[in-house]
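**Q** Give me coordinates for this.
(chains A and B)
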Number of protein chains: 2
Amino acid sequence: MEHMNLIKSLSLKSDSKIVLIVMDGVGDLPDENGNSPLKIAKTPNLDNLSKKSALGLTHPISIGVTPGSGPSHVALFGYDPLAYDIGRGVLEALGIDLELTKNDLPARANFATIENGIITDRRAGRIPTEKNVEICKKLSENIKKIDDVEIIIRPGKEHRFVVVFRGEGLNGPLNDADPQQTGLKPVPVTPAKDDGKKAAVIANKFIEMVNQVLEKDKPANTCLLRGMTKVPNIPSMSDIFNLNPAAIATYPMYRGLARLVGMNVLKTGDTIESEFQTLKENWKTFDFFYLHVKKTDSYGEDGNKDGKIHIIEETDQFIPNLLELKPDVIAITSDHSTPWSLQGHSWHPNPFLLYSKHERWTGSSEFNETACQTGALGQFYSKDAMPLMLASALKLKKFGA
Amino acid sequence: MEHMNLIKSLSLKSDSKIVLIVMDGVGDLPDENGNSPLKIAKTPNLDNLSKKSALGLTHPISIGVTPGSGPSHVALFGYDPLAYDIGRGVLEALGIDLELTKNDLPARANFATIENGIITDRRAGRIPTEKNVEICKKLSENIKKIDDVEIIIRPGKEHRFVVVFRGEGLNGPLNDADPQQTGLKPVPVTPAKDDGKKAAVIANKFIEMVNQVLEKDKPANTCLLRGMTKVPNIPSMSDIFNLNPAAIATYPMYRGLARLVGMNVLKTGDTIESEFQTLKENWKTFDFFYLHVKKTDSYGEDGNKDGKIHIIEETDQFIPNLLELKPDVIAITSDHSTPWSLQGHSWHPNPFLLYSKHERWTGSSEFNETACQTGALGQFYSKDAMPLMLASALKLKKFGA
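**A** Numbering: from 1, shown residues only, chains lettered A, B, ... in the order given. Next up is the predicted model:
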């Protein structure tokens, strides 16, 4: 927190503009020929931009630590990812585009089957999503409030849904109300800390009411609640960094993460092209833009190397549109690596490109993991990327005399 | 402090000698051809030294943060720059060669004009320095002590002067006594913390006495006080690092910073040549030498690329003299970068050269930002430079068994 106060005390308002492009999970590993998707992809525009940029590698959390999307984004937005815990409930809520307030305690919930007081199916036979929508509607009609706490219920996919407890004095984290295996009794919600008693009482009352409303239903006749953590009280980017920031993302979770740090979330379409179009249309209004490209990560998770290469090439095509806007600073990176061979997030640091006329460009003719490892920026933590972008945009004043 | 205690517990007295040459602000940015002053300058001796040296880059404070000379030097001397605040008043006092004690609370002061209780000119019409000297003499004669606090008044340039409150129990920081704009009443001094009450009372009495002494003068008939922070209580380099250190600097501020960490400040001339001569003359007496070259920074601040190149070349000429003394360890670096294109300090890490027969030299044929970015030392914080120099001089014993 002290470090954030330092940056806050130095940050200046100015007209310069910063664009942060996150190609989710773009960092990768060499294939048998030593080539990563970034190396294989034909990216004439990124290559050209690299020539006048400083390159480096960023660690999202700590060396060797593989992050989820929550902490890796929080770090990239300039916050200590270990200080601001983004619970699973919060992420799940953001993922279905729920707008959360500071009074919210969201839970990641499952419909489950209970028979004679024993959980017999933790996923209620993976009911179809349409059935889930129907049940959530019924629950919403029957459970609007518990004591002074508002109850918000939203369906997810199959057996998954989200419940948000909204009210004063609700503190997390709460321990999961899930026996983790069948054949056991449901576990009541308990607070992880002393100040969580009220929230635990409400959550238990909620489960009881769900049981009553669904009493005659099958197979979904109860629910299990997990990941109950309060929305973290993150100071906004405008407060800390003196920015007027905007977010452009096609997936709800990333819009939600951006909203958590006080970004203005812009309406955009489903394609990378539409995201760059949105950037152009809103260029005059904001001084910081976060533009999120999702599918580099999705294809990485699928183990689809060619798909990942294709998304990199598609993104490359819009770099000239970006340059036409004449941003003062451009950063292009990933939140975490998602190597296609691992089919999941990884601990490998992210390629990081920083374009600004005030940086040590070294004429690198490509942007990839190997070029970044000998770049002017070295290896650093993702949370330092924001001070670096601000500095390059001349938005940080001198510390001390 | 914990880290400093670690280093303190490991430091050994030995005969080996370390020379730290600070070419102030030497780190720079590429010009349109990709060349920095260090790249352009003809430096056969530095190039030769690089061949047997380990290279790296240092961050003075934190990534992206541009430091003033105070914190950047404190860091290079091996101290946490965020733990020891060097106030503007302290720096100003050091800059006019005032020797400060641990009981001192210095203020950066302006002569100003007050009319009918309203500040009408915050700089008293930028009175000439000679007039300033005269007023300071008059004040010194009339205000020697306030309660048990000694008052030291010294002229600076134009309207600027320094006042030092010297006595027991004076704690800062105090809030600035400056309305920041004309047309307002003077602001009384207030303490920033509870223990600053005595100091605030003394400072306010001082202002009152200045007003009385200058009552019939014009335009300088009052003063504004700023940057009132106590001299930081820094443990000495001999205490922490077991060194007998000496400082060679042509500018008072750097001599003052060296004195703050307990260095012996050597008398020297105005030229780089005289500084190296002083080094030679005092070689036997000390085991650590800090030699400061100022004008690389001054020319950087002026936007004078050629001037900066010239100073680098001039410094290069004395490297053979240095080598003749057979130092065990030589470190050559800057406290911060001062790119000529930015005409000011910057956040870019400092080129760092470490010569010692116990380092991983890589045969680099030049010493500049680009060579340093792929050097054996990587990127590290300036405050770690001192442990590194000590280690290379075999002055740090093993930690643990």
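
**Q** what helices or strands is the lowest-mean-pLDDT helix or strand in chain A leaning on?
**A** Counting by mean pLDDT, DSSP states H and E, chain A has its least confident helix or strand at helix A:88-95, which shows a mean of 89. Counting contacts by 3 or more CB pairs under 8 Å, 6 or more residues apart in numbering or on different chains; DSSP states H and E, helix A:88-95 packs against helix A:69-76, strand A:104-115, strand A:160-166, helix A:252-260. Just so you know, the C-beta spots here come from the backbone N, C-alpha and C atoms, and that holds for glycine as well.

**Q** Contact partners for the residue in the stretch 101-250 of chain A positioned nearest to chain B?
**A** Among the residues of the stretch 101-250 of chain A, A:Phe241 lies closest to chain B, at 11.1 Å counting by CB to the nearest CB. Going by CB atoms under 8 Å, 6 or more residues apart in numbering or on different chains, A:Phe241 touches A:7-8, A:11, A:78, A:288, A:386, A:390, A:395.

**Q** Now do the least confident helix or strand of chain A against helix A:252-260, angle only.
**A** Relative orientation of helix A:88-95 and helix A:252-260, computed by axes from the mean of the first three to the mean of the last three CA atoms, to 10 degrees: 110 degrees.

**Q** Can you give me the buried ones in helix A:88-95?
**A** A:88-95 (16 or more other CB atoms under 10 Å in any protein chain shown).

**Q** and the direction of that helix versus that of helix A:69-76, what angle?
**A** Here helix A:88-95 runs at an angle of 80 degrees relative to helix A:69-76 (the same axes, to 10 degrees).

**Q** Contacts made by helix A:88-95 with the rest, please.
**A** Residues from elsewhere that reach helix A:88-95 (CB under 8 Å, 6+ apart): A:68-70, A:100, A:104-108, A:154, A:156, A:160, A:162, A:164, A:226-232, A:251-253, A:255-257, A:259-260.

**Q** ok so, going back, and the residue of the stretch 101-250 of chain A closest to chain B, how far is that from A:Val261?
**A** 10 Å (CB to CB, to the nearest Å).

**Q** List the contacts of A:Val329.
**A** Each residue near A:Val329 by CB under 8 Å, 6+ apart is listed here: A:16-19, A:354-356, A:389, A:392-393.

**Q** Tell me what it is bridged to.
**A** For A:Val329, the beta-bridge partners under DSSP bridges are A:Ile18.

**Q** And the helices in the stretch 251-400 of chain A, which stretches?
**A** With DSSP state H, counting those that start in this stretch as the criterion, the stretch 251-400 of chain A has helices at A:252-260, A:272-281, A:295-302, A:305-316, A:319-324, A:369-373, A:385-392.

**Q** how distant is the last one from the center of its chain?
**A** Averaging C-alpha positions (CA atoms, centre = their mean, to the nearest Å) puts helix A:385-392 20 Å from its chain's average.

**Q** relative to helix A:69-76, how tilted is it?
**A** With the same axes, to 10 degrees applied, the angle from helix A:385-392 to helix A:69-76 works out at 30 degrees.

**Q** Show me what helix A:385-392 is packed up against.
**A** Secondary elements touching helix A:385-392 (3+ CB pairs under 8 Å, 6+ apart): helix A:2-10, strand A:18-23, helix A:69-76, strand A:329-333, strand A:350-355.

**Q** any chance of those in CSV, with mean pLDDT too?
**A** Below are the helices and strands packed on helix A:385-392 laid out as CSV (pLDDT from 0 to 100):
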stretch, mean pLDDT
helix A:2-10, 94
strand A:18-23, 98
helix A:69-76, 96
strand A:329-333, 98
strand A:350-355, 98
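
**Q** between those, which gets nearest to B:Pro327?
**A** Closest to B:Pro327 of the helices and strands packed on helix A:385-392 is helix A:2-10 (CB to CB; 35.6 Å).

**Q** one step back: out of the contacts of A:Phe241, which is nearest to chain B?
**A** Nearest to chain B out of the contacts of A:Phe241 is A:Leu390 (CB to the nearest CB; 6.3 Å).

**Q** The closest one is in contact with A:Asp384, isn't it?
**A** No: counting by CB atoms under 8 Å, A:Leu390 does not reach A:Asp384; the two are 10.6 Å apart.

**Q** Which residue of these two possesses the greater neighbour count?
**A** Higher neighbour count among A:Leu390 and A:Asp384: A:Leu390, with 27 against 21, using other CB atoms under 10 Å in any protein chain shown.

**Q** contacting residues around A:Ala96?
**A** No Ala there; residue A:96 is Ile. A:154-156, A:162, A:252.

**Q** roughly how far apart are the residue in chain A that chain B sits nearest to and A:Asn321?
**A** Closest to chain B within chain A is A:Pro387: 3.1 Å, counting by CB to the nearest CB. Distance, A:Pro387 to A:Asn321, using CB to CB: 28 Å.

**Q** ok, these two, which is more surrounded?
**A** Higher neighbour count among A:Pro387 and A:Asn321: A:Pro387, with 25 against 14, using other CB under 10 Å.

**Q** which residues touch the residue nearest to the more buried one when sequence neighbours are not counted?
**A** Of all residues not flanking A:Pro387 in the chain, B:Gly64 sits nearest, at 3.1 Å (CB to CB, 6 or more residues apart in numbering or on different chains). Contacts here follow CB under 8 Å, 6+ apart; on that basis B:Gly64 touches A:7, A:384, A:386-392, A:396, B:347.

**Q** Buried ones among the residues you listed?
**A** Buried by 16+ other CB under 10 Å: A:7, A:384, A:386-392, A:396, B:347, out of those.

**Q** ok, which pair from the residues you listed is furthest apart?
**A** So, the buried ones among the contacts of B:Gly64 by CB to CB: farthest apart are A:Ile7 and A:Ser392, at 13.9 Å.

**Q** ok, which residues in chain A are in contact with chain B?
**A** A:2-3, A:6-7, A:10, A:358-363, A:374-376, A:378-381, A:384, A:386-392, A:396-401 (CB under 8 Å from any CB of the partner chain).
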